[in-house]
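Student: I'll drop the sequence and a predicted model, then ask my questions.
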Amino acid sequence: MPAAVGALWDAQAAAFCIAAGPGAVMPLRFGGKAASTSGDPIDAMVTVLATTDDLVIPFEQSTVSLGAAASIRIGKLDVVLASGRAQTFNPAVFTNLGIDLAAKQVVVVKSSNHFYAAFAPIAAEVIYVDCGGPYPPDPARIAYTKIRRPIAPLDPNPWLSTAD
C-alpha cells in the first residue's frame, strides 16, 4: 500500500541522507532516538529521494523551518526526516521533497492537531492516533501541577448555570 509518514525529527539521519544525495541507496537507522517513549529506531535499506538545506513550510500566515531535511523510500513507504523539531503543519512537508500525496493511500502526519486545517481538505478521512509518548493527546490525562482550577476544558464551567 503506497504510504507516507513525516516529518520525523532525526537530524543525524537527515544529515546522512543529505551527504549521500538523491538516488543513493544505503542502510539507515532513523527515528526512536530522542527518548524511550519514542519507540525503537528503524533499521532499513533506504533510497534517498530528495534533500534540502532548509525545509520551509507554511503555517497559517507565517512560515516554519524544519531545517535540513530529506525524503527516503522503503518499499512503498516514503518518509520525511527533518533536522528541526516542529509539527507537520502543511502538505508542503511532503511535496517540497517530491512526495505526491495524491498517489498515497495512507498519509501519517506527525502532529497533534496543527495539521488539520491544511490536511483535512485533501484527506478522505482524518484518524487521530494515540501513540503514547510524553504528551498525550487527551489533556485530561496530563497531571497538571501548576495551573489554577477550574480550567476549561478539564473542569466544568462554574459560571454556567445548570438550572433552566
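Tutor: Good, I have the coordinates.

Student: list the contacts of stretch 29-36.
Tutor: Residues outside stretch 29-36 that contact it (Cβ atoms under 8 Å, 6 or more residues apart in numbering): 8-10, 12-13, 38-44, 72, 79, 81, 134. No exception for glycine: its C-beta is placed from N, CA and C like everyone else's.

Student: out of the residues you listed, the closest to residue 109 would be?
Tutor: Distance to residue 109 across the contacts of stretch 29-36 (Cβ to Cβ) is lowest for residue 8, with 11.1 Å.

Student: what does the helix or strand harbouring that closest one rub up against?
Tutor: Using DSSP states H and E, residue 8 maps to strand 3-9. Outside strand 3-9, the residues that touch it by Cβ under 8 Å, 6+ apart are 30-31, 34, 55, 66, 69, 71, 76-86, 88, 93-94, 99, 101, 104-110.

Student: quick revisit: neighbour-wise, which of the contacts of stretch 29-36 leads?
Tutor: Of all those, the highest neighbour tally under other Cβ atoms under 10 Å goes to residue 81, namely 31 neighbours.

Student: just to revisit the earlier point, list the pairing partners of the strand holding residue 8 within its sheet, with orientation.
Tutor: Partners of strand 3-9 in the sheet, by DSSP bridges, are strand 77-82 (parallel), strand 106-109 (parallel).
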